[in-house]
Structures are given as structure tokens and as C-alpha cells.
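Colleague: Any chance you can model this:
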Amino acid sequence: RNDVAQSFKRSIRFYQQTNSWLVHKQTMSLSLSAPTLTPEEEEKEIAAITTEEWDLISQDLYGVEEKKKEETGNSSSSRKPRRISNLEGARAAVDNEIRQIPPEDKTSYMEAMARCPSIVSLESNPISFLQSEGLQPANAAKRLVGYWKARQQLLGDQAFLPLTKDGAFKKHLNCLSSKVWQVLPEDNHGRAVMFYDEQRLEEKKLKKEDVLRCLWYGAHKILTRQPLQQQKDVVIIVDARSMYNVNSFHRKLEKKVVDLLSNILPLHIRAIHVCCTHHRSIMEFVCPMFKKMLKRRYRYRMVLHQADTTQETLASLEDYGFSPNSLPATLGGHLNGGSSSTTKTSNKSSAKDTASNTTTAIQHRSALAA
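Modeller: As a prediction, the model looks like this:
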């Protein structure tokens, strides 16, 4: 743990030494006034992270806890169980909190309840929102109401249709076929995986709304394929290797993506893996902005996989429980063109192997994260 903290501090010192030069060299259109996470802020956050929290961060990054529970049948006391036994009572608690929200703050939700109550119950079940908010009914109610507001903004009147290609997404098949967001097979620890291919974003010239619709569709697939009582654990992979200049970073779009994942969709994000090249001048400039967008919980669950070749990228991802059979060809995997699959891949790594890689991989990630 001391090595992890020291590695973060070395990264911060490197950023302090290079940041003034990088800012001076930026002549792109990206605003230099964009909020960033300063080295001082990051150092203060790191100092406040407890030993127990570092353990939880490690578990989320490597899936060690999930593997341990599979083998022993026991769960760690450091992480509270998220299964809900009394479903009816849980729904009633969230419904009661929704009633406390002023009508003007829940117009989209009220319209959905009037027009398609069965879809509200099926596609935005309060249980999922309760799990994503740590079993806090008030927070779950706010997220659920916000979900319907964002859904209507994104899909218009089609928001009140089922989230299928024949329903709400019937007019958006072209953006879905771009596969800018894909649902990949589960990782070696049984967690859902979403893949964000920024190169396709550049190639297809997609609008911001189209990217968000693809994300929404993929998230819905994950939510409907897992048992209701089970928390929706998700790992995000971002392919940002096409980022060669600051203009490649779509700040407003990425901020909206982060908002949907963090505050709207009822998913529990365990880790974010960003695959990029060794263009340090770009990453050192962009990363502080991206980190500022993230909640504190996710900043230290973000891994940068900097590599010169696809093979190196694949090897780095394998350290975190991703099998080549579950990754698209663009990342060196064996999926045909990155096509989606719901088949769980076999776990080729034992818990002992995963744990032995933890220290080395965390240090590698920490040295690059700042």
C-alpha cells in the first residue's frame, strides 16, 4: 500500500514539472479554462484514502473478492452484500420517496407512469436503482426520476416505447450499427463489460446524442440479462488509442457519458480501463480534465494501459482478468470484429494468479494515472 501511495506521488511530481510546458504548447481549440484535478487536490485525496478503501479498490480492479467468494462461498465483511430479500418492501420504500419529490421535478416519470406503467416497472425497476445507490431509497428515487428525464431527452416521444430495435431505437439503427458502444462477454470474474471504441466515433462522425443512445442501449442489455436481485457490476473499457491531439478529446461528450454512467443509469461501475498510446503530452493534459469529471470513487479505479502495440495492450488487459476470447480484434482479442456476446468466458486464471499480479499491476497503473 505504501508503494501504491508513493507511486501516485511520483506521478503528481512529474505532472507538476511538465504541466506548465504542456499548457504553453497547447494551441488547439480545447479550452484551457476547463476544470481539472490539480496535483495538490489529488495528493490530498490520496492521503485521505484508508487502508480498507485501498483494499476495496484492489478488489474492484482485479476481481479478487469475486473469485474468493466463488471458491469459498463466503463474502468479505469489508463489502456489504447487495442482494435484497424483501423485494416488495424495497419497492415500497422507493415509491414512498418518489412521492416526496415535487411534481415539477418528475414530469417525465409521471408521464411515463401515465402512458406506459408496465414499461416503467419492467425497464426501470426500483430494485436496480436501489442497488446502484447502496440501498438508499431517497437516492434511488432521485436516480430513477432522473433516468426518465434523461431517457425522454435522448429518445423523445419514443422514450415511452420498449427499449428494443423495433421500439424506441427503431429510428436509430444506424447509430447502433456503428458499435461505438458494445457489450462484450463477461470478464473472468463474471462482471459485465462495456466497450467504448472512440476510433469508431471518429470514423462514423457520430453526433453526441447518437453516442449516448448507443450507451443507453448497451446498458439496457446488461440490466435485462442479469437477475433482478443481483447488483449490476460493470467494467468499462475505453479504446482511446486514436487520440493523437487534444482536439480528439470531446470534453462535452465525455462529461455527458460520465454523468449517465455515474448518476443516471442503474449500473455499479467497478473499474474503468483506458487503452491509449505513449503520447504523454496528450494524456498528461487530458487526464486531469477527465479525472475532474469522475467522482472520487472512480478516479482511483481508472487504469491507463499505455502501449505501443496491440499485443502490449492485450497483455496489460489480461492482468486485470480479461481473456483474449472476450475482447474485440481491435484490442488483440479473438472476437470477430468486436461482436457482442452474452456467453460467459471460462476463467483461465486462478485466484492465486490474480492476487500475485495485484501489486505489480497497481504500481504500473499508479505511475501513469496522474
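Colleague: mind listing the helices for the stretch 251-370 of the chain?
Modeller: 251-259, 280-293, 296-299, 310-318, 351-369 (DSSP state H, counting those that start in this stretch).
Colleague: again but with the stretch 51-200 of the chain, I slipped
Modeller: 51-62, 64-72, 87-100, 107-115, 117-123, 126-132, 137-155, 173-177, 198-204.
Colleague: Give the buried residues for the longest strand seen in the chain.
Modeller: Ranked by residue count, the top strand of the chain under DSSP state E comes out as strand 268-276. Along strand 268-276, these residues count as buried under the neighbour rule (16 or more other CB atoms under 10 Å): 268, 269, 270, 271, 272, 273, 274, 275, 276. For the C-beta atoms, the positions are set from N, CA and C on the backbone; glycine is no exception.
Colleague: who's in contact with the fifth one?
Modeller: Okay, so that is residue 272. Shown in contact with residue 272 (CB atoms under 8 Å, 6 or more residues apart in numbering): 235, 236, 238, 294, 298, 301, 302, 303.
Colleague: again, only this time at 6 Å
Modeller: Counting by CB atoms under 6 Å, 6 or more residues apart in numbering, residue 272 touches 236, 302.
Colleague: tell me the pLDDT at it?
Modeller: The per-residue pLDDT reported for residue 272 equals 96.
Colleague: hmm, back to that, export the buried residues of strand 268-276 to a markdown table and tack on distance to residue 192?
Modeller: Listed next are these as a markdown table, based on distance: CB to CB, whole Å:
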| residue | distance to residue 192 |
| --- | --- |
| 268 | 10 |
| 269 | 10 |
| 270 | 9 |
| 271 | 12 |
| 272 | 13 |
| 273 | 14 |
| 274 | 18 |
| 275 | 18 |
| 276 | 23 |
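Colleague: Quick check: of these, which lies closest to residue 219?
Modeller: residue 269 (10.7 Å; CB to CB).
Colleague: If we ignore the residues flanking it in sequence, what's nearest residue 113?
Modeller: With CB to CB, 6 or more residues apart in numbering as the criterion, residue 113 has its nearest non-adjacent residue at 5.7 Å, and that residue is residue 120.
Colleague: Go ahead and confirm the one you found touches residue 111.
Modeller: No. Here residue 120 lies out of contact with residue 111, judged by CB atoms under 6 Å, at a distance of 10.1 Å.
Colleague: higher neighbour count, these two?
Modeller: A count of neighbours by other CB atoms under 10 Å puts residue 120 above the other of residue 120 and residue 111, at 19 against 14.
Colleague: about what we covered before: the longest strand of the chain pairs with which strands, parallel or anti?
Modeller: With DSSP bridges as the test, strand 268-276 is paired with strand 233-239 (parallel), strand 302-306 (parallel).
Colleague: what angle sits between the last one and helix 280-293?
Modeller: With axes from the mean of the first three to the mean of the last three CA atoms, to 10 degrees applied, the angle from strand 302-306 to helix 280-293 works out at 170 degrees.
Colleague: What mean pLDDT does strand 302-306 get?
Modeller: pLDDT averaged over strand 302-306 gives 91.
Colleague: ok, now stretch 97-110?
Modeller: pLDDT averaged over stretch 97-110 gives 96.
Colleague: can you list contacts of that stretch?
Modeller: 137, 138, 141, 145, 148, 149, 152.
Colleague: By neighbours, which of those wins?
Modeller: residue 141 (25 neighbours).
Colleague: residues near the closest residue in space to it that isn't next to it in sequence, how many?
Modeller: Nearest residue to residue 141, sequence neighbours excluded (CB to CB, 6+ apart): residue 97, at 3.6 Å. Neighbours of residue 97 under the rule other CB under 10 Å: 20.
Colleague: Please point out which parts of stretch 192-208 sit buried.
Modeller: 192, 193, 194, 195, 196, 197, 198, 200, 201, 204, 206.
Colleague: hmm, back to that, kindly indicate which of the contacts of stretch 97-110 lies nearest residue 264.
Modeller: residue 149 (8.5 Å).
Colleague: okay, the angle between whichever helix or strand residue 47 is part of and helix 51-62?
Modeller: Using DSSP states H and E, residue 47 sits within helix 39-48. Put simply, helix 39-48 runs at 110 degrees to helix 51-62, going by the same axes, to 10 degrees.
Colleague: hmm, back to that, output the helices of the stretch 51-200 of the chain as TSV; include the columns distance to residue 322.
Modeller: Output for these, formatted as TSV (distance: least, CB to CB, whole Å):
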stretch	distance to residue 322
helix 51-62	11
helix 64-72	14
helix 87-100	33
helix 107-115	37
helix 117-123	29
helix 126-132	23
helix 137-155	29
helix 173-177	24
helix 198-204	18
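Colleague: deepest of these, which one?
Modeller: helix 126-132 (a mean of 24; mean count of other CB atoms under 10 Å).
Colleague: mean confidence for it?
Modeller: Here helix 126-132 scores 90 as its mean pLDDT.
Colleague: try stretch 47-58
Modeller: Stretch 47-58 comes out at a mean pLDDT of 93.
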